[in-house]
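# Mind folding the following:
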Amino acid sequence: MNSNTYGDQTWEKITNFSSQIPPKRAAHSACISGNKMYIFGGYLYNNYFNDIYSFNFQTKNWSKINAKGDIPTGRRWNSSVVDSSGNIWIFGGYQSVDRFNDLFCFNTKTHEWTGPVTTENPPTPRYSHTSVIYDNKMWIFGGYNGQIQSNEIFYFNFETNEWCNPLKTYGQKPEERAGHTAVVVGDKMIVFGGYNRTLSYMNDIFEYDFKKNLWTKPKVVGKKPKVRSLHTCVVYQNDLYIFGGYNHKWLNDLYKFESDISRWEKINASGRKPPGCYGHSAVCFEGCIYFFGGYSNKNEDRQFFNHLYSFRFVSVLIQDMKKLFLSQKLCDLFITSKEGEKIGAHITIVQNRCPILIKNIDLLNNEKMNVIKSIILFLYTDLVECYGFNQSDFISITYLSKIFNLPKLEFEGKNKLKQIINPENIIEILISSDKLFLDDLKKFCFKYILSHKEIVAQRIDLQKLKSHTNLMLEYIQILSTGMQNHYFNPNMSSGSGSGSGSGSSSNSISRINEEDIQPIENYSEDLIPRSTLYKSFAKLYKDNKTKDFTLIVKERKIHCHKAILIARSELFRGMLTSLKEPINKITERTGRSYKSIKALINFFYTEQTDGITPSIALELINASDYYGLNLECQLEDKCTQIVRNNINKSNALIIFEKALLLDLEVLKQTTIQFIIQNGRHIINEQYFNESNNVDLFRELTRILLEKNDNSDEQEIFK
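The predicted structure is shown next:
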């Protein structure tokens, strides 16, 4: 996620819809080609795998691939990358006492392996190294050969099929390591963590510039992750996401590294996250990180995993609401910026999320457009976007958020100000925080001054404080007595801050160097206000007073909001925005029941499927296609799971018939298995006896004969 964007983030354990789930394993490799994740290798106790599985992100199906050709030897801790043609390249790894430096290519279209690719000067055998793709080359860094770790870089040129071995690099090189991670951001490879030659775990970060052939070690801010190795790292919108690993403990924490400002942040998200482990894999696809497998020996209970978890950066509801705001369709509230531009919004959404703003809309008029956009977008999404903001903009958004009672937005605004504070701007921000009654920000400014007072004293412009007599006195008092005495002595402080910040000792101050100036790191340790978006939209769903549209289903009415319909459904968006004359009602003609349409509308507002019965789920299973929903909302998957969990002898044929009609392969296969196991009972059911669907009988007979060929299970026909 971009460093200037914050929003709803969730963990989820993904239910497996397939019988071809990979066996439990760790130390495998994973990569993405097309719309599939491919995993190769790994180990389970003393078994080394050389199989390959694919996971389809759309269908949520696992498939075991029947590979052919020169299949690599089973191995663990190898690396894998995908070239521009979608082929997977496997390098290195080890099995038992054998270390490998062979290179294999897997064609994802023909499912054929070729290799080992023979060429001169390959890297020495190694494992726990990393591979990345840049400039049509595969770049290898680090690794372990059973005796020593490496900090060398090699690359394999896909055009010439030649190795460069090793590459002479310059700059501040990382020490030798293995079990680290490496990813590409722009023209740089970023390396994090691992273990060194003394088997010590690390949490340092280095950047290698491909164009300059130069290593650098960035100065980082924020709360660093603990030392670790054998973790995973993926990139999303130029930010790194580090998960899990091992440092004598089995870790399951998630950290973000904002590469543009070299800032660390611990991610605390809702939902069920994976247990602590190492040797798992992680890939990023369309706004989600997918974690598979791994190993843990927590409590001396050796466990290998084959579970699949996802971490979603931004929910589909948020994506849809952001698109609605940016589209400016059917707006009925308009605000004029300082630059004279107008921007639209929807009264029902703004009123629901922030009634104070509606009553004080004039406070936004004549603000800068980027500040207005940021506040209104937050009301739609709970995202904070502050692209191109300067110091004044952050102060404005923080102050307005406080006035409008938007604690999450206020928190992020103050957090951003704390990050950009330096000796040159500290007095301006201090004056603004005092003038606008931002007491905790003001307190932070004083704390910063005390922590860096020797440097600040050289640059501070006291002339700016002269016209602020009370603040000048407070500044002098704090320099004289320190933060704690000032803020806890009612005779000395007019501030309302509740923290217990203390000034640095004279010893620590004398050691501060000018080049080391950075924001105080504990700024992010405050309690971050949680998202209220879902709660607000659930409330909006129940707010009949503001509903402006009616769906008529089987002569019954369902009231809702136009803004929600056009945000969530391509069908309604096209219908309601293309008409010359506005309409406020429509008759639903798909044949779906009143209960199913009501459940669908509830899903539009809340993304919840709680309370949906199997019969309703069966009606809504293909609603995403008809109504044009964002496929990432996973309505079909959720409905499929509800139906699968509730298959019984009475409804199995009904479900099977629906699966045939809609070509729902996952549901069809699940129902087939149930019918095979319970065939005799199902044949006696009334639906089977009364149905005249010839296609159903034909398909059922064909499948059962095929499934039961050469088996005794043909007894089900007797």
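# can we go C-alpha only for contacts and neighbour counts from here?
Fine.
# List of residues touching stretch 588-607?
For stretch 588-607, the surrounding residues in contact (C-alpha atoms under 8 Å, 6 or more residues apart in numbering) are 317, 534, 537-538, 540-541, 551-554, 556, 558, 560, 564-565, 568, 608-609, 612, 616-617, 619-620, 633.
# Tell me which of the residues you listed fall in helices.
317, 534, 537-538, 540-541, 564-565, 568, 616-617, 619-620 (DSSP state H).
# still on that earlier bit, list only those of the contacts of stretch 588-607 flagged as buried.
317, 534, 537-538, 540-541, 551-553, 558, 560, 564-565, 568, 608-609, 612, 616-617, 619-620, 633 (16 or more other C-alpha atoms under 10 Å).
# which of the ones in helices among the contacts of stretch 588-607 lies closest to Val185?
Leu317 (28.2 Å; C-alpha to C-alpha).
# who's in contact with Pro125?
Pro125 touches 92-93, 99-102, 145, counting by C-alpha under 8 Å, 6+ apart.
# Try it again at 7 Å.
With contact taken as C-alpha atoms under 7 Å, 6 or more residues apart in numbering, Pro125 is in contact with 92, 99-101, 145.
# Excluding chain neighbours, what is closest to it?
Nearest residue to Pro125, sequence neighbours excluded (C-alpha to C-alpha, 6 or more residues apart in numbering): Asn101, at 4.2 Å.
# After the strand or helix carrying Glu412, which helix or strand is next? Please name it.
In this structure, Glu412 sits in helix 407-420 according to DSSP states H and E. Counting by DSSP H and E, the next helix or strand C-terminal to helix 407-420 is helix 426-435.
# sorry, back to before: which one in the ones in helices among the contacts of stretch 588-607 is the model shakiest on?
Checking pLDDT across those, the minimum falls on Tyr534 at 85.
# How many residues are close by the residue nearest to that one when sequence neighbours are not counted?
Nearest residue to Tyr534, sequence neighbours excluded (C-alpha to C-alpha, 6+ apart): Thr606, at 6.1 Å. For Thr606, the neighbour count with other C-alpha atoms under 10 Å is 19.
# Likewise for Asp543?
With other C-alpha under 10 Å as criterion, Asp543 counts 15.
# ok now the longest helix seen in the chain, how far from the chain's centre?
Looking across the chain with DSSP H, the single longest helix is helix 665-683. How far helix 665-683 lies from its chain's middle: 37 Å, per C-alpha atoms, centre = their mean, to the nearest Å.
# would you list every one of the helices in the stretch 451-600 of the chain?
Using DSSP state H, counting those that start in this stretch, the helices assigned to the stretch 451-600 of the chain run over residues 453-459, 469-481, 483-488, 506-510, 533-542, 562-568, 570-578, 594-606.
# Burial-wise, tell me which of those comes out on top.
helix 562-568 (a mean of 23; mean count of other C-alpha atoms under 10 Å).
# if I look at Val81, how far off is Lys266?
To Lys266, Val81 is 28 Å away according to C-alpha to C-alpha, to the nearest Å.
# who's more crowded, those two?
When Val81 and Lys266 are compared for neighbours, Val81 comes out ahead with 22 against 18, by other C-alpha under 10 Å.
# how about that one, phi and psi?
phi -140, psi 170 (degrees, to the nearest 10).
# The helix holding Glu412 to helix 426-435, inter-axis angle?
Inter-element angle recorded for helix 407-420 and helix 426-435: 160 degrees (by axes from the mean of the first three to the mean of the last three C-alpha atoms, to 10 degrees).
# Which strands and helices lie in contact with helix 407-420?
Under the contact criterion of 3 or more C-alpha pairs under 7 Å, 6 or more residues apart in numbering; DSSP states H and E, helix 407-420 touches helix 391-403.
# Quick check: buried residues in the helix it packs on?
393-402.
# got it, and stretch 124-131?
125-131.
# just stretch 73-89 next, same as before
73-83, 87-89.
# Closest one to Glu159 out of those, please.
Asp83 (10.9 Å).
# For that closest one, which residues are in contact?
Asp83 neighbours (C-alpha under 7 Å, 6+ apart): none.
# what pLDDT does it get?
pLDDT at Asp83 comes out at 96.
# So which residue is smack in the middle of this structure?
For the chain, the residue nearest the mean C-alpha position is Phe313 (2.8 Å; C-alpha atoms, centre = their mean).
# contacting residues for Tyr155?
Residues near Tyr155 by C-alpha under 7 Å, 6+ apart: 137-140, 163-164.
# Report the beta-bridge partners for it.
Trp139, Cys164 (DSSP bridges).
# Now do the helix or strand containing Phe378 and helix 407-420, the angle between them.
In the assignment (DSSP H and E), Phe378 maps to helix 369-381. Using the same axes, to 10 degrees, the direction of helix 369-381 lies 140 degrees away from that of helix 407-420.
# elements contacting helix 369-381?
helix 316-327.
# what packs against the helix it packs on?
helix 369-381, helix 562-568.
# residue contacts, Tyr541?
By C-alpha under 7 Å, 6+ apart, the neighbours of Tyr541 are Tyr605.
# what's the distance between it and Ile318?
Taken as C-alpha to C-alpha, the span from Tyr541 to Ile318 is 16 Å.
# try Tyr255
22 Å.
# ok, now Trp163?
For Trp163, the distance to Ile318 - C-alpha to C-alpha - is 46 Å.
# looking at this structure, which helix or strand is least sure?
Least confident element among the helices and strands of the chain, by mean pLDDT, DSSP states H and E: helix 506-510 (a mean of 29).
# Sketch out the low-pLDDT regions of the stretch 601-718 of the chain for me.
680, 683-692, 704, 706-718 (pLDDT under 70).
# OK, contacts around Val553?
Per C-alpha under 7 Å, 6+ apart, neighbours of Val553: 587-588, 594.
# domain parsing for the protein?
Domain segmentation of the chain under automatic domain parsing yields 10-314, 318-522, 547-639, 647-718.
# Okay, now the longest one: how far is its last residue from its first?
In this case it means domain 10-314. Counting by C-alpha to C-alpha, you get 8 Å between the two ends of domain 10-314.
# How far does that domain sit from its chain's centre?
18 Å.
# swap in the second one?
For domain 318-522, the distance between its averaged C-alpha position and the chain's averaged C-alpha position is 27 Å (C-alpha atoms, centre = their mean).
# tell me the contacts of Phe206?
Contacts of Phe206 by C-alpha under 7 Å, 6+ apart are 174, 190-192, 215-218.
# Show me which of the residues you listed are buried.
174, 190-192, 215-217.
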